[in-house]
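Asker: Next come a sequence and a model predicted from it.
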Amino acid sequence: MSTYKYATLFLARNISVNQTRTFFSNLKCLDVTINRENGVAYVLMKHPPVNTLNMQLISELSLTLSNLEKSKCQGMILSSIFDKVFCSGLDLNELLKPKPERVKGYFSTFQELVIQLYGSSFPTVAAMTGHSPAGGCVLGMCCEYRVMKKNSQIGIPGSRMGIALPRYIVNLMSSTIGLRNAELMLTKGKILNTDEALKVGLIDEIANDRTDAIRKAEDFLKEYEMIAPLARGITKRIIRRSIIEDVKMNGAADLENFVSVIMLPEVQEKLDMYMYNLKNRKRD
Ligand SMILES: CC/C=C\C/C=C\C/C=C\C/C=C/C(=O)SCCNC(=O)CCNC(=O)[C@H](O)C(C)(C)COP(=O)(O)OP(=O)(O)OC[C@H]1O[C@@H](n2cnc3c(N)ncnc32)[C@H](O)[C@@H]1OP(=O)(O)O
């Protein structure tokens, strides 16, 4: 990230650059810094133009989470350097005309990332600076708290694309917004605006802009400063155990099933049309 962007991000929140240290300098799709004073890690996605989760971004997120676990960080804010988009989800190019082994590897890496983020021992907040479709929504749901910038959209359009979602995605959504709301949202492939997402509990707070989103994320983490990290971590793991165990038990079969559906000609046709519409739609 440019010095200018660091300055705007940190000075806006009264944190000087000197109070932070760059955690990794060799990442291409992420900026990771840690505030020395409170141990909070800022993980900012910076994969232009819209933080599509290609293999590189997924792998860097996974590596970063492993390192943050080792470094005993006190909390993590997952965000984006882009003002309009938090994360545009999985890379649709990986889903179009895929080779079965390649697509299996891709989804399996994403599934592992989801479990790693969902099961992390430290507190996690998604400061969603903009739109968060599909995989972006999934990253958010893995965090413990979600702040989203106003006028953004969030949801998982799988059904609309002719794709049945894997169990872990359905389970994550159900645990976030309840079974009934998850059923309505996922079977329709509904995308919600910020107000609707707040109402249903898919996000916890609305922010005016990215600085406000980061500030609200920090406020959430501050509440844990007086809580013993070990007790907190164990409690979180107990609450999250059933989804994690379910992936361990059923993840492989789920993946096989998912890949065979993705390869179906009628699904490929729908995906092709979806991609065509995405490339040719009127931009706002
Ligand atoms: C959906 C369920 C599918 C499968 C289920 C499978 C497994 C379950 C596991 C996880 C569930 C998650 C699945 C997914 O994430 S699939 C990806 C779904 N994502 C989307 O549908 C988002 C599509 N993108 C958008 O809606 C907009 O791009 C966005 C609102 C994010 C930003 O709009 P903006 O106007 O700012 O930018 P654009 O001009 O649209 O985009 C710039 C550029 O980037 C390309 N792009 C955008 N998103 C993707 C993507 N996800 N994959 C590949 N490429 C993407 C877009 O086409 C533009 O390209 P170009 O025209 O060449 O400039």
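Answerer: Thanks, I have the structure now.
Asker: quick one, helices of the stretch 151-284 of the chain?
Answerer: Secondary structure of the stretch 151-284 of the chain (DSSP state H, counting those that start in this stretch): helices located at 167-177, 179-188, 194-200, 210-222, 229-262, 265-280.
Asker: I'd like these as TSV, with mean pLDDT appended.
Answerer: What follows is the helices of the stretch 151-284 of the chain, written out as TSV (pLDDT from 0 to 100):
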stretch	mean pLDDT
helix 167-177	97
helix 179-188	97
helix 194-200	98
helix 210-222	97
helix 229-262	93
helix 265-280	92
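Asker: Mind putting the ones you listed into JSON lines with mean neighbour count and distance to Thr64?
Answerer: Every C-beta, even on glycine, is put in place using the N, C-alpha and C of the backbone. Below are the helices of the stretch 151-284 of the chain laid out as JSON lines (neighbours: other CB atoms under 10 Å; distance: least, CB to CB, whole Å):
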{"stretch": "helix 167-177", "mean neighbour count": "20", "distance to Thr64": "20"}
{"stretch": "helix 179-188", "mean neighbour count": "15", "distance to Thr64": "29"}
{"stretch": "helix 194-200", "mean neighbour count": "17", "distance to Thr64": "26"}
{"stretch": "helix 210-222", "mean neighbour count": "20", "distance to Thr64": "17"}
{"stretch": "helix 229-262", "mean neighbour count": "14", "distance to Thr64": "18"}
{"stretch": "helix 265-280", "mean neighbour count": "12", "distance to Thr64": "28"}
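Asker: Distance to the ligand added to these, as a markdown table?
Answerer: Rendered in a markdown table, the data for the helices of the stretch 151-284 of the chain read as follows (distance: least, CB to the nearest ligand atom, whole Å):
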| stretch | distance to the ligand |
| --- | --- |
| helix 167-177 | 5 |
| helix 179-188 | 10 |
| helix 194-200 | 13 |
| helix 210-222 | 15 |
| helix 229-262 | 6 |
| helix 265-280 | 4 |
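Asker: hang on, isn't Pro157 packed against Gly136?
Answerer: No: using CB atoms under 8 Å, Pro157 and Gly136 do not qualify as a contacting pair, with a distance of 11.6 Å.
Asker: which one of the two has more residues nearby?
Answerer: A direct count of neighbours by other CB atoms under 10 Å for Pro157 and Gly136 places Gly136 higher, at 30 against 17.
Asker: Tell me the secondary structure at the more buried one.
Answerer: In three-state terms, and counting by DSSP: H, G, I helix; E, B strand; the rest coil, Gly136 is helix.
Asker: need the contact list for Leu92.
Answerer: With CB atoms under 8 Å, 6 or more residues apart in numbering as the criterion, the residues that contact Leu92 are 52, 271, 274-275, 278.
Asker: one more time with 6 Å
Answerer: Met275 (CB atoms under 6 Å, 6 or more residues apart in numbering).
Asker: Likewise for Gly162?
Answerer: Contact partners of Gly162, counting by CB under 6 Å, 6+ apart, are 267, 270.
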